[in-house]
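>>> Here's a sequence, model it:
(2 chains)
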Amino acid sequence: MTLSALIIAPFIGSLVAACLPANARNREAWLAGAIALAGLLFTGWLFMQADPGEVLYERIAWVPALGLEFVLRLDGLAWVFAMLVQGIGLLVVLYARYYMSPADPVPRFFSFLLAFMGSMLGVVLSGNLVQLVVFWELTSLTSFLLIGYWHHRADARRGARMAFTVTATGGLCLLAGVLLLGHMVGSYDLDAVLAARELIITHELYLPALILIALGALTKSAQFPFHFWLPHAMAAPTPVSSYLHSATMVKAGVFLLMRLWPALAGTEAWTWIIAGAGTCTLLLGAFAAIFQRDMKGLLAYSTISHLGLITTLLGIGTPLAVVAALFHTLNHATFKASLFMAVGIIDHETGTRDMRILRGLYRQMPYTATLAIVASGAMAGVPLLNGFLSKEMFFAETLLVGGDSNWWMSYAALAVGVFGVIYSLRFIAVFFGKPDQPLPREPHEPPRWMRFPVELLVLTCLVVGVVPAISIEPILHQGVVAILGEATPQYDLAVWHGFNLPLLMSFLALVLGAWSYQLLRRRFNLRQREQAPLIHRFSGAQAYENTMLAISRAADFMLRHLGTRRLQPQLLAMTLALLLVPALLVGMLPGLLAPAPHPADAFFVMLWVAGGACALAAAWQAKYQRLAALALAGGTGIVTCITFLWLSAPDLALTQLMVETVTTILILLGLRWLPPRLRDAGPAAAPPWPVRLRRSRDMLLALGGGLGLALLSYAVMVRPMPDSIASFFLEKARSEGGGSNAVNVLLVDFRGFDTMGEITVLAIVALTVYALLRRFRPAAESIAIPAQQANPVDAATRQPPAEQANSGYLQVAGIYMRLLLPFMGITAAYFFLRGHNLPGGGFVAGLIFSVAIIVQYMLAGATWVEDRLHLRPHRWLGYGLCIACATGLGAWAFGYPFLTSHTAHVELPLLGELHLPSAFFFDLGVFATVVGCTMLILVALAHQSTRSHRLPEKADPAREAR
Amino acid sequence: MTSLLPLALGFAMSCVGLGILFCTLRLLIGPSAQDRVLALDTLWMCCMLLCLLLGMRFGSMVYFEVALLIALLGFASTVALAKFLMRGEIIE
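Residues are numbered from 1 along each chain as shown, chains lettered A, B, ... in the order given. Model prediction:
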């Protein structure tokens, strides 16, 4: 069983098509055509092979634990639609090969077309309702892409957006309806739902579910009042229109109604909703079609009307009406697809679709004209063509259900018949008469194979119209039995049923239609009319635009009144909410108000007073005295470090110490490029009272927030620690991690995956900073050389930094700082090597190493260091990540999960036994990454100076020449 | 002898504490940037001494290593600040 291949093949083809070169028209068409043909043959073969009435299944377990399955189900109805989708698809592909111009990006077209075909087959073959909705939305999406294919055209974009908004919204309604249905039945399986008719129609949720599902189907099938999107979707290329808007996409709604017919139909609500919408659509569409001037517009409204006819038949609800509905679905697909293609040919050959201009095309393109005339005959319901048969069935059904009481039904049907004849005549009028103005292009017959699909479809119309019983009946019967099952009525597809009322109605429609057309043409100047009388005021498209406008206005209103782009009010609101909401929710925690007195060492308190004072002062000075604020923040940092030590967290203390140093250097590097403070003209005037009020409010809020947080942390910290995961790590660090420093074991072993992610993020950040700084241009006011270096009296002004360190100001510092480099390196190695058992590790060691290098940079300048030391931070980064990753992957080689560590004890000569955990290599990766990141960021910042110093040199042409 | 060590430690810690307080005071009032940098450097030194004292008090070797690290690398930020004051940028 390979039903899934039917769906998967088009999607794979879509991907392949997208990758082909832009000018590969033939390859694209062969690919798409081959997929459609193979699918068609395969579907046909399945039908030949299966027993009559057999339903084929394919179930693929998806999430077995949740009972989720991907179910494909091929019964007669699905089979008929699958054949339709693939058959018309094949013809459209052939047609599109000739229709699309070489300038169009063809891969995109065929890719979308195949994806659409796959989605449509998914809808048809789904055996699970939710799965059906997913494919349903996929058809909306792919049709959006297809309609908007010529996205440089505003009308295509607009039409695509409109179609998508309407059908996707309908899809959401459908989803809700399907969920209700699943809730009622207790299963989303199609068979279960179809079998539960009694349960569903007596359920109190029946009506909401029906309305929601009907919304889905009606939007998709362009039924009143959602019909307006279809004419606008005509901005699509004609192959798209002929595929989507005759045979497939709009038929999805009808398909859904047929699919769920056994479960939902037959109630009064069903009839009112479905038949009501269908009848309105039928009349409105047919009437509007008469007054179009665009040939595709005419076909669009005619499609709306025919879909309304099918919907009405389904709404009527008798078994024979269902037969007629399915029959008309097939007939409409054949003649409408061929008509769309014919219009495409006319458009292609003449350069216009305007029926006010087109005349007398019969002489230039007799074959195409004949084909189009026959197809529009089928549309009008001329005997011996397929449209006649299904339309006659429609008349018969309206007579049957209308009877005496609902006589208006029959009159409405007759009116639609008349309208149909009128617009068909209007359509074929382009082939006759004498052109009264020259056409944009001189028309001639299209290429042989472009006409072939039309020929085939028109031939089908004829064959079905003449000998329905042997041509279409076996196919139709499959579908009908799948819908109706036991209730399948006796029906007889034949051209001649004897003289009866439906036949009379058909002829009446033809005669009245022809007469009305003459009348309209002579009296009302039909050929030059711009818009439909009466109904042009009720524009669905306008209503849609108004709704969209209202929605975006409402969103705008909300955004303006409930949101802000400014940071301050956002912060204000958030802080206020953080302060008030917990207090309102739980009340003031008693423990918070009166924190338990905790014995504290006087010395520790003193340290904290000093640190707190520094922090406050730093915040206070930060606005204008940046350097002072930085020094003060340094004071806070060292106190924090001592605090960690005091509370016995030496690992944290070490890291804090190094981070503190590196941060100071980083900020100083940045400070160079901040613009200096503007000196204001005089003493500032006292701020006005609203400002003071605002500032006081902010002050209060800030105090409240800060104190609240401090109180909260204090209250939490003085409480005894509940049993947490920490004790587990402490116990297992030695036995399972192979190290006695639990913090390091935690980082490189137990939670190695976290660390892996962190160093990756670190590397990304460093590279981003580097990339941003490459294009960094300092502000104009900070580009000049600092004042200290511009002093002409100072001898060091003209010295490069290296010279200063060797023989200038910095000679003393130069000697001992260079001497310290190896010691710092050894310290780094020391902290790295023993990290697994005692405080230290890759992170701290990396920072120490970076600081050691940076000190050299500060001493003698970037140029001097880089002449002697080729440190390539990018490589450190890359190698670090590779080592860490490789260590993790190494565990796989031994059949363990990623990042499992192993401790080896290696016996080395001289050194003795060496304790060598694999986490050591992981830590080496961390070390290299940290060094790479720190160096990359700091050096990138440092290089800004050398770049700006180079600027004046560039101005000197003599130097540049050298 | 056993009672002498806590006494000595207490005395030393009070001295270092006083040192930290005065450094903080200088850091806070300034007035010049050079004062602040010097105060910060001295503060780091006091903290290094404190580490040593804490190591004796808690009887742990780890504190000595932290002191080593402060001694070896603590001056880096001082150098950076000083270079910034002297040259206007720390890496030329």
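>>> residues contacting the residue lying closest to A:Ser901 once chain neighbours are set aside?
Closest residue in space to A:Ser901, ignoring its immediate chain neighbours: A:Ala919 at 4.3 Å, by Cβ to Cβ, 6 or more residues apart in numbering or on different chains. Placement of C-beta: from N, CA and C, glycine included. Going by Cβ atoms under 8 Å, 6 or more residues apart in numbering or on different chains, A:Ala919 touches A:Gly737, A:Gly738, A:Gly739, A:Val745, A:Val748, A:Asp749, A:Gly752, A:His836, A:Thr887, A:Ser901.
>>> In helices, which of those appear?
Using DSSP state H, the members of the contacts of A:Ala919 that fall in helices are A:Gly737, A:Val745, A:Gly752, A:Thr887.
>>> In chain A, where is pLDDT below threshold?
Residue ranges of chain A with pLDDT under 70: A:1, A:402-406, A:527-538, A:587-598, A:679-683, A:948-962.
>>> ranges for the strands of it?
A:56-63, A:68-74, A:903-908, A:912-917 (DSSP state E).
>>> residues contacting residue 13?
Let's take chain A. Counted by Cβ under 8 Å, 6+ apart, A:Gly13 has contacts A:Leu31, A:Ala32, A:Ile35, A:Leu114.
>>> should've been chain B
B:Met13 sits in contact with A:Phe603, B:Leu50, B:Leu53, B:Arg57, where contact means Cβ under 8 Å, 6+ apart.
>>> Go ahead and confirm the first one touches B:Val16.
Spelled out, that is A:Phe603. No - using Cβ atoms under 8 Å, A:Phe603 makes no contact with B:Val16, being 9.0 Å away.
>>> So which of those two has more stuff around it?
Between A:Phe603 and B:Val16, counted using other Cβ atoms under 10 Å in any protein chain shown, B:Val16 has the larger neighbour count: 21 against 17.
>>> Please enumerate the strands of chain B.
Using DSSP E, strands in chain B do not occur.
>>> Not counting stretch A:424-438 itself, show me its contacts.
With Cβ under 8 Å, 6+ apart, stretch A:424-438 has contacts from A:290, A:295, A:298-299, A:339, A:346, A:355, A:357-362, A:369, A:372-373, A:376-377, A:379-380, A:513-514, A:517, A:526-527.
>>> related to what we said a few turns ago, what about the ones in helices among the contacts of A:Ala919, which one has the most neighbours?
Sorting those by how many neighbours each has (other Cβ under 10 Å) puts A:Val745 first, at 28 neighbours.
>>> thought it was touching A:Gly737?
Yes - counting by Cβ under 8 Å, A:Val745 touches A:Gly737, with 3.5 Å between them.
>>> Can you tell me how far the closest residue to chain A within chain B is from B:Leu38?
For chain B and chain A, the shortest gap (Cβ to the nearest Cβ) falls at B:Gly88, measuring 2.3 Å. Computed as Cβ to Cβ, to the nearest Å, the B:Gly88 to B:Leu38 distance reads 19 Å.
>>> With A:Leu700 instead?
For A:Leu700, the distance to B:Leu38 equals 37 Å [Cβ to Cβ].
>>> who has more neighbours, the two?
Of the pair A:Leu700 and B:Leu38, B:Leu38 is the one with more neighbours under other Cβ under 10 Å, namely 18 against 10.
>>> residues contacting that one?
So B:Leu38 contacts B:Arg26 (Cβ under 8 Å, 6+ apart).
>>> One more: the one 10 residues further on?
Taking Cβ under 8 Å, 6+ apart as the contact definition, B:Met48 lies against B:Ala67, B:Ile70, B:Ala71, B:Gly74.
>>> in chain A, which residue is closest to the centre?
Among the residues of chain A, the one closest to the centroid is A:Leu141, at 10.1 Å (Cα atoms, centre = their mean).
>>> Looks like it contacts A:Ala163 (just checking).
No - the criterion here is Cβ under 8 Å, and A:Leu141 misses it with A:Ala163 at 10.7 Å.
>>> Kindly calculate the angle that the longest helix along chain A makes with strand A:903-908.
Selection of the longest helix in chain A by residue count, based on DSSP H, yields helix A:919-955. Between the axes of helix A:919-955 and strand A:903-908, defined by axes from the mean of the first three to the mean of the last three Cα atoms, to 10 degrees, the angle is 80 degrees.
>>> Can you check what angle separates helix A:919-955 from strand A:912-917?
Using the same axes, to 10 degrees, helix A:919-955 lies at 80 degrees relative to strand A:912-917.
>>> tell me which residues in helix A:919-955 are buried?
Going by neighbour count (16 or more other Cβ atoms under 10 Å in any protein chain shown), the buried part of helix A:919-955 is A:919-945, A:948.
>>> Tell me how many other residues crowd the nearest residue to A:Gly612 once chain neighbours are set aside.
Excluding its sequence neighbours, the residue lying closest to A:Gly612 (Cβ to Cβ, 6+ apart) is A:Thr636, at 7.9 Å. Using other Cβ under 10 Å, the number of residues around A:Thr636 comes to 22.
>>> Export only the CA atoms of stretch A:85-98, formatted as CSV.
Presented in CSV, the C-alpha positions along stretch A:85-98 are these (Å, rounded to 0.1, in the frame of the first residue of the first chain):
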residue,chain,number,x,y,z
VAL,A,85,-7.0,16.7,-9.5
GLN,A,86,-4.3,14.7,-11.3
GLY,A,87,-6.0,14.5,-14.7
ILE,A,88,-6.6,18.3,-14.9
GLY,A,89,-3.2,18.8,-13.3
LEU,A,90,-1.5,16.9,-16.1
LEU,A,91,-3.3,18.9,-18.8
VAL,A,92,-2.6,22.2,-17.0
VAL,A,93,1.1,21.3,-16.8
LEU,A,94,1.2,20.7,-20.6
TYR,A,95,-0.7,23.9,-21.2
ALA,A,96,1.5,25.9,-18.8
ARG,A,97,4.6,24.8,-20.7
TYR,A,98,3.5,26.9,-23.6
